[in-house]
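Peer 1: Just to be clear, the model below is a prediction. Sequence and coordinates:
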Amino acid sequence: MNSLLPLFVVVPLASTFLIMIIGRFVKDFNKYFTAAVLLFLAVFSYYSLASLHGGLALCKVGGWEPVNKVPIGIYIALDGFNAIVICIINSVGFLAAIYSISYVKRYTGENYFYALFCLMIGGMNGVVLSADLFNIFVFLEISVISSYALVAFGVGKNELEASFKYQVLGSLASFLILFGIGFIYWKAKTLNIADIREAFKSGYDRPYYLFVELLILSGFGLKAAVIPFHAWLPDAHSSAPSPISAMLSGVFIKAVGIYVIIRLFFNMFVITEGMAILITTLGTMSMVVGVFLAIGQWDIKRLLAYHSISQMGYVIMSVGIGMILVARGVRHEIAVLAISGGIFHLINHAAFKGLLFLNAGAIEYTTGTRNLKEMGGLARSMPATSATSFVASMSISGIPPFNGFFSKLIIIIAAVMARFYLLAALAVVVSIITLASFLKFQRYAFYNKPHDTDDRKFREVPFPMVLSMAALSVICLLLSLLAIPAVRDAVLTPAVDILTSTVQYSTSILGQ
Amino acid sequence: MKGMSIIVKKTAQLISGMIFIYGIYVIVHGHLTPGGGFAGGVILAGSLILVTLAYGEEFFKLVREEMGTTIVESLATISVILIAVGGFLFGSKIFFNNFLPRGTVGELVSAGVLPLYNIFVGTEVASSIFIIFLSLIIFKEESPK
Amino acid sequence: MTAYYMCFGLFLVGLYGVITRRNLVKIAISLSIMEISAFLFFALIGYISGGVAPIVNPADPDKVYVDPLPQALVLTAIVIGLATTALLLAVIIRIYRKYNTFDIREIRNLRG
């Protein structure tokens, strides 16, 4: 198991280049091969999660054993937290690949699409698995560069403009991250996350590392589109092909943004209360501002993109509340509750936001428009899309018994118990506005009178698209089971434990 | 794309071969001297680009060339990955393991798999930089006047 | 220390270019300048004055070697920067073909 961990990166990378060669000569090789590879990765990720038992699997690439207990090789580590993120990446990726089989036929150059898709998956897996700061940067760039190209895949005016904006802001973020890594290396003289944590034990130069923390936070905040850095997200996510939008919104901003922020600020930096409050404030701001920006949108995909910002705000806010409590060293059980609520919402968001973007893609596929004002009455002609999008809309707005309800409930309970009454109230208000916004989406897209001059009979989308949407809506329902304490103990508790006991990650990596 | 004047053509003809051989030298001595796969690959690509710029090329030939170079690039990358997997298969079940005999320090054939990595990385870098050049030229050529 | 200040100055030059220039290609060039300042920073933190290339010679234990790790990192970062720049330029060429201009003020299809 331990030595097989690099397969998460090696398999998608190898399949990228296989597609580039064989896909040229064999028709339809690319789509089925991609789906098969991602199925393998998804199964393998669930197997890894199951065989972990709350421990930590470590692989030293190249067999470079530590010298005098100082790690010198590149480490790849899988623990309770990133196992969950790996599962999200590969399962949403698998369903998006299934969906692409019929969706991508409208573009030329399908080969490049699937190659870039595999490359993006490999990069994200690498970011999440890597226990080494510089490798996080390298894999981040691999996945981000392929996402730049995928955003521009339609080569229309909008796509190119969105991709350009995304590239300029993304490059700025990369430089900030690169400078942050440089500053850390300058003082700590190591790049291994666990080893950096050990170096911090012997002396933590607070003003110096405050500067570094700000650099890293703004860099990864730009990748995660936290609110002052959000300008690129609505353009990029709405211009990409729909399966890619689902990947970007459902997985990408979590894997390369939020996951890294949480991992570094809990397990690498020494948690300070001021930084925790800053992170909570950023989260709250994204939660509130994102939903208000979403209200006025009539383009489905832009609306969904702004809601992504808002829902990510929930995750960051609740993790931030947990971080404040951990920094104060008080009321450990509430910190655990807040962080598990955040991670639970992160999982849920991957399911329902992925599903919503796939729905938007299905609507665009049949009607050819993304404007809510130009559609209507689709519930009769597209029953499967309508039903699945109903499930997703109810999930995102927090209606029981769908998964979004439970995670939002946990977040709000944790905020109240931690005596952050304002944040709890804001979370409730934002949830209500989200419900209103999605009722608008449902009404205009599916239940209004059909648009007057439009006599065409719309038909349901092809089978692979329906299949992946149905699978995701079943997942939306099944994820509610994570609220049951027994299931939560098995899945969420190892993840929360490794975050709240901040040094456990480094000691168990350096101990092996 | 049009070629350039006779002076440029003649100069390119004279020095491009030397640049190419120098690139190969940098690649194969990668484990002994500064340089290696990336630096040598860039030099190789430089000589290819020099020839293409000096002599010019028809549009369709450029497109065909790009396709061939893409295949070379993908094959080189797959070879690198295969060597990495070879460490898993032949050695101690670890990826990127150095499974060949190391030899003596300072010899040209030494350091196990490192020269192989350098050669394939060099091919990959040379072909990918050449692809970047070709794609940008193709973009420029197919744009409406 | 002067070198670090100059490196920071280079970063600011790039940032100034990204913010004030209106031409897409000039923005790409400014991004490259910022990138180079990051590379320079890495090269500087690995340098030890009087250090030589780290090919360790056991016969001469007093030698001071520069830190090889940042150099490896810079090489990796240069490769990444090459890919980013190439992609950015490709997108710029495509944009020029769609809009017939490099002026960023006229490329404003996406709003809201």
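Peer 2: Good, I have the coordinates.

Peer 1: for chain B, what's the longest helix?
Peer 2: helix B:59-90 (DSSP state H).

Peer 1: just the helices in chain C please.
Peer 2: C:2-20, C:24-46, C:68-99.

Peer 1: From chain C, how far out is A:Pro207?
Peer 2: Using Cβ to the nearest Cβ, to the nearest Å, we find A:Pro207 at a distance of 17 Å from chain C. All C-beta atoms are positioned from the backbone trio N, CA, C, and that covers glycine.

Peer 1: mean confidence for the longest helix of chain B?
Peer 2: Mean per-residue pLDDT for helix B:59-90: 84.

Peer 1: Downstream of that helix, the next helix or strand is which one?
Peer 2: helix B:114-142 (DSSP states H and E).

Peer 1: Distance from the chain centre to the helix-or-strand element of chain B with minimal mean pLDDT, please.
Peer 2: Lowest by mean pLDDT, DSSP states H and E among the helices and strands of chain B is helix B:59-90, with a mean of 84. Chain-centre distance of helix B:59-90: 10 Å, with Cα atoms, centre = their mean, to the nearest Å.

Peer 1: That one near chain C at all?
Peer 2: No: Helix B:59-90 lies out of reach of chain C by Cβ under 8 Å from any Cβ of the partner chain, never closer than 12.7 Å.

Peer 1: I'd like to know which elements the helix ranked longest in chain A is packed against.
Peer 2: In chain A, ranked by residue count with DSSP H as the criterion, the top helix is helix A:332-367. Under the contact criterion of 3 or more Cβ pairs under 8 Å, 6 or more residues apart in numbering or on different chains; DSSP states H and E, helix A:332-367 touches helix A:80-103, helix A:242-247, helix A:300-328, helix A:378-381, helix A:383-396, helix A:403-417, helix A:463-478, helix A:485-500.

Peer 1: switch the cut-off to 7 Å
Peer 2: helix A:80-103, helix A:242-247, helix A:300-328, helix A:383-396, helix A:403-417, helix A:463-478, helix A:485-500 (3 or more Cβ pairs under 7 Å, 6 or more residues apart in numbering or on different chains; DSSP states H and E).

Peer 1: Point out the most buried one among those.
Peer 2: helix A:242-247 (a mean of 29; mean count of other Cβ atoms under 10 Å in any protein chain shown).

Peer 1: Next, see if it gets close to chain C.
Peer 2: No: with Cβ under 7 Å from any Cβ of the partner chain as the criterion, chain C is not reached by helix A:242-247; the gap is at least 14.6 Å.

Peer 1: From the contact counts, what lies against that helix?
Peer 2: Looks like helix A:242-247 contacts helix A:80-103, helix A:332-367 (3+ Cβ pairs under 7 Å, 6+ apart).

Peer 1: pLDDT-wise, which helix or strand of chain A ranks last?
Peer 2: helix A:378-381 (a mean of 79).

Peer 1: Low-confidence regions, chain A specifically.
Peer 2: A:1, A:450-457 (pLDDT under 70).

Peer 1: Within range of chain C, give me the residues from it.
Peer 2: Looking at chain C, the residues of chain A close enough under Cβ under 7 Å from any Cβ are A:134, A:138, A:141, A:145, A:148-149, A:152, A:155, A:157-158, A:160-164, A:167-168, A:171, A:175, A:178-179, A:182, A:185-186, A:235.

Peer 1: Of these, keep whichever come out buried.
Peer 2: Buried subset of the residues of chain A next to chain C (neighbour count, 16 or more other Cβ atoms under 10 Å in any protein chain shown): A:134, A:138, A:141, A:145, A:148-149, A:152, A:155, A:157, A:160-164, A:167-168, A:171, A:175, A:178-179, A:182, A:185-186, A:235.

Peer 1: Pull the contacting residues for the residue nearest the centre of chain B.
Peer 2: By Cα atoms, centre = their mean, chain B has its centre lying nearest to B:Ala126, at 2.5 Å. Each residue near B:Ala126 by Cβ atoms under 7 Å, 6 or more residues apart in numbering or on different chains is listed here: B:Gly41, B:Leu44, B:Ala45.

Peer 1: swap in A:Leu356?
Peer 2: A:Leu304, A:Ser389, A:Ala392, A:Ile396.

Peer 1: Next: C:Ile104.
Peer 2: C:Ile104 neighbours (Cβ under 7 Å, 6+ apart): C:Arg22, C:Leu24.

Peer 1: next SSE after whatever helix or strand A:Phe117 lives in?
Peer 2: A:Phe117 belongs to helix A:110-129 when assigned by DSSP H and E. On the C-terminal side of helix A:110-129, the nearest following helix or strand under DSSP H and E is helix A:133-151.

Peer 1: So what angle separates the directions of that following helix and helix A:80-103?
Peer 2: 20 degrees (axes from the mean of the first three to the mean of the last three Cα atoms, to 10 degrees).

Peer 1: now for helix A:133-151, which elements pack on it?
Peer 2: Using 3+ Cβ pairs under 7 Å, 6+ apart, helix A:133-151 sits against helix A:110-129, helix A:157-188, helix C:68-99.

Peer 1: Can you check which of the ones you listed gets nearest to chain B?
Peer 2: helix C:68-99 (4.4 Å; Cβ to the nearest Cβ).

Peer 1: Show me what counts as buried in the closest one.
Peer 2: For helix C:68-99, using 16+ other Cβ under 10 Å, the buried residues are C:69-71, C:73-77, C:79-96, C:98-99.

Peer 1: give me the subset of those touching chain A.
Peer 2: Within these, those near chain A by Cβ under 7 Å from any Cβ are C:70, C:73, C:76-77, C:80, C:83-84, C:87-88, C:91, C:94-95, C:98-99.

Peer 1: residues of the least confident helix or strand of chain B that come out buried?
Peer 2: B:62, B:65-66, B:69-70, B:72-81, B:83-88.

Peer 1: Give me the neighbour count for residue 109.
Peer 2: Answering for chain A, as no chain was given. Using other Cβ atoms under 10 Å in any protein chain shown, A:Gly109 is surrounded by 12 other residues.

Peer 1: switch to chain C, that's the one I care about
Peer 2: So C:Asn109, with other Cβ under 10 Å, has 16 neighbours.

Peer 1: Can you tell me how far it is from B:Ser74?
Peer 2: 35 Å (Cβ to Cβ, to the nearest Å).

Peer 1: Pull the contacting residues for the residue lying closest to A:Ser389 once chain neighbours are set aside.
Peer 2: Using Cβ to Cβ, 6 or more residues apart in numbering or on different chains and skipping the chain neighbours, the partner closest in space to A:Ser389 is A:Asn359 (4.0 Å). Going by Cβ under 7 Å, 6+ apart, A:Asn359 touches A:Thr385, A:Thr388, A:Ser389, A:Ala392, A:Met469.

Peer 1: Next up, the contacts around the residue minimising distance to the centre of chain C.
Peer 2: Central residue of chain C (Cα atoms, centre = their mean): C:Glu35, 1.6 Å from the mean position. By Cβ under 7 Å, 6+ apart, C:Glu35 lies in contact with A:Phe175, C:Gly81.

Peer 1: Good, we can wrap up now.
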